[in-house]
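Undergrad: turn this into a structure:
(2 chains)
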Amino acid sequence: MIKEINAIPQEEIERIVKEKYPDDIIEEKKERDFLPPLTNVEQGKVVVRYPPEPSKHPHIGQMLSFCINHLIAERFGGKRILRFDDTNPGKVGKEFYESFREAILWMGLKIEEEVRASDYMELYYTKAEELIKNNDAYVCRCSREIMSKHREQGKVCSCNIENTDEINLDLFDKMLKGEYADGEAVVRLRGDMKSKNHVLRDPVLLRISSLPHAIHGDKYSVWPMYDFESPIMENIMGVTHILRSSEFGKMREELQSLISKKLGIIPPNFTEYRRFKIIGAPTQGRKIRELVNDGIVTGWDDYRLVTYQALKKRGIQPEVFLEIVKRIGATKSATSIDWSLIFSINRKFIEPNSKHLFFVQDPIKVKISNITTQEIEISYHPKIDSLGKRKINVKDVIYLSGDDRGLLKKGKILRLKDLCNIKIIEETSQNEYKAEFLGNELLSDAPRIQWVSEYVPVVIIKPEMLYLNNRIDKNSLKKIQGYGEINLKKLEVGEIIQLERFGYVKVNRINKKIKMNYIHG
RNA sequence: GCCUCGAUGGUGUAGUUCGGCCAAUCAUUGCGGACUCUCACUCCGCAGACCCGGGUUCAAAUCCCGGUCGAGGCACCA
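TA: Predicted coordinates for the structure are as follows:
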């Protein structure tokens, strides 16, 4: 019977089904969903957060993470909270708060509410006391080394066994009063020292750090750990969904849920996706800071970096980031995205707004005989008329790109784009040629090349892959020199243009020389 | 070492829940063509993938078992 059915051709089956059971046909053309699936979603009641630590400038991984959260809120009509996780006074820097806020708004994401975790210190203290009173936490005076050894071995700490709630409360009070130095006492959760999840082995909840805080100065010296601060903040801010990358680890999710439970809080829904990596660029804040400190890159805004500052300075458009997320999604597989994707998206945004101009690198001088001096007018863009036109005065000396050197053979006929045809006579000296004017009419088979007559010197910084085969390429920031047409002087600083047959660049400085940076091809 | 997660073209993904419509989607990349007085944009075409080995089944990218490889976590950082 089955074999008989299988023998019927597919089209036949479709025809029969359509005729006899039209109602059973389910037409489904599912749109590809770039957002991760969520549980417990209630339209209009979703609250997500952007939780940066203001200890460095944002990088692309965080930016894409913000995009995902923004998109989720957008889809479900929810709220976005910018929460600064600034509870490590040793790391927090004042300038970074604004840097994150700026990056988020720059990308066009929305922020409905903003908080600083460090503004809730009394709350953490109250919650810690609550845990101590409930026998869920204790003060531990062991050294860091012993604690870590015990956690490794799964050995219960004597502080856990011996300290009564009264003693713990008293010790905690002393911590708050500043009677202990850094490292001399911590509050620990009574977790499970035998748990396979090592994070659950009596983790530290609060510790002492006397370092001044960028916002609060010396006001506090007992600081909550991330795993303690986070569930409390999420609860009071009403966060329903946490979407974060895997660097926080599945094990923390369990811990944070446990802490929530002990505090009588319902934990939010966790969704984890992979870290965003870019081929050839460091994507860890720590690593980037190292490169900056070691002077391997010129700063946080070095063109080769994937920080907010670098990307923005380079000329990557704000809309690109949301678009990246829509294209690559938020999966769990460990992957690296390619610069070419970023470039391709960016190109689509900048191309309709970019004037096209001429530039020749490594210039070659060509003297043309028989040419009459003339003024020509060329559009700034072949399709977008609103970008206007520019005039070029052509004399008998022009410059060609060193890239086209191979074409400069005796007798070769070339088409100077938008101008005229020339015939190469001879090479008169190093980098100098003599040519002959050959009329203006378009010759279909002559190579069309860029040229410059009246020029301005141009210096272009071109970033390449910082990492090649896992090794730092110290020469990855290249400098290209050449001549650009004189109209480059009329551009504005910050303007993005296309240098034909070269690539897209951003104008950084207009002086005797014009300084630009290469964005991409 | 321990824990968790993952594996589809060069890159990123869709499809896996519930096996058949998958000789496998879309994008990017590469190559070719059209358009254009650019190697840009746009349009058309081509190339290129189910980690390996077993098993279940009429039928496996999809289910089961065993490997391999990769990522993340295992702080008094976040």
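Undergrad: and for the residue in chain A that RNA strand B sits nearest to, nearest residue in space, chain neighbours not counted?
TA: Among all residues of chain A, A:Asp85 sits closest to RNA strand B, at 2.5 Å; criterion: C-beta to the nearest atom of the strand. Just so you know, the C-beta spots here come from the backbone N, C-alpha and C atoms, and that holds for glycine as well. Leaving aside its chain neighbours, A:Asp85 sits nearest to A:Glu53 (4.7 Å; criterion: C-beta to C-beta, 6 or more residues apart in numbering).
Undergrad: cool, A:Lys194 as well?
TA: A:Gly154 (5.1 Å).
Undergrad: list the contacts of that neighbour.
TA: Applying C-beta atoms under 8 Å, 6 or more residues apart in numbering to A:Gly154 gives the contacts A:Met193, A:Lys194, A:Arg201.
Undergrad: my read: the first one touches A:Lys155, true?
TA: Yes. With contacts defined as C-beta atoms under 8 Å, A:Met193 counts as touching A:Lys155 at a distance of 6.6 Å.
Undergrad: who's more crowded, the two?
TA: Each of A:Met193 and A:Lys155 has its neighbours counted (other C-beta atoms under 10 Å); A:Met193 has more, 17 against 13.
Undergrad: tell me which element the more buried one is part of?
TA: Counting by DSSP states H and E, no helix or strand carries A:Met193.
Undergrad: so which bits of the stretch 51-200 of chain A are right by RNA strand B?
TA: Proximity of the stretch 51-200 of chain A to RNA strand B, by C-beta under 7 Å from any atom of the strand, involves residues A:51-53, A:85, A:87-88, A:91, A:117, A:142-144, A:147-148, A:151, A:182-184, A:186, A:196-199.
Undergrad: restricted to buried residues, select those in PyMOL.
TA: Command for PyMOL that selects the buried part of these, burial taken from 16 or more other C-beta atoms under 10 Å:
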select buried, chain A and resi 51+52+53+85+87+88+91+117+142+147+151+186+197+199
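Undergrad: from the residues of the stretch 51-200 of chain A next to RNA strand B, which land in helices?
TA: Counting by DSSP state H, the part of these found in helices is A:Arg144, A:Met147, A:Ser148, A:Arg151.
Undergrad: who's in contact with the first one?
TA: For A:Arg144, the contacting residues are A:Gly183, by C-beta under 8 Å, 6+ apart.
Undergrad: quick one: A:Glu254 is in a helix?
TA: Yes. Assessed with DSSP: H, G, I helix; E, B strand; the rest coil, A:Glu254 lies in a helix.
Undergrad: check what pLDDT it gets.
TA: For A:Glu254, the model assigns a pLDDT of 94.
Undergrad: how many residues are close by A:Arg75?
TA: Other residues close to A:Arg75 by other C-beta under 10 Å number 14.
Undergrad: give me the element A:Ile497 is part of.
TA: Assigned by DSSP H and E, A:Ile497 belongs to strand A:496-499.
Undergrad: note down every partner strand of that strand and its orientation.
TA: Take DSSP bridges as the rule and strand A:496-499 pairs in its sheet with strand A:355-357 (parallel), strand A:503-510 (antiparallel).
Undergrad: any chance of those strands in JSON lines, plus mean neighbour count, distance to RNA strand B and mean pLDDT?
TA: Output for those, formatted as JSON lines (neighbours: other C-beta atoms under 10 Å; distance: least, C-beta to the nearest atom of the strand, whole Å; pLDDT from 0 to 100):
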{"stretch": "strand A:355-357", "mean neighbour count": "21", "distance to RNA strand B": "5", "mean pLDDT": "98"}
{"stretch": "strand A:503-510", "mean neighbour count": "19", "distance to RNA strand B": "7", "mean pLDDT": "98"}
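Undergrad: wait, which of those is closest to A:Asn440?
TA: strand A:355-357 (20.6 Å; C-beta to C-beta).
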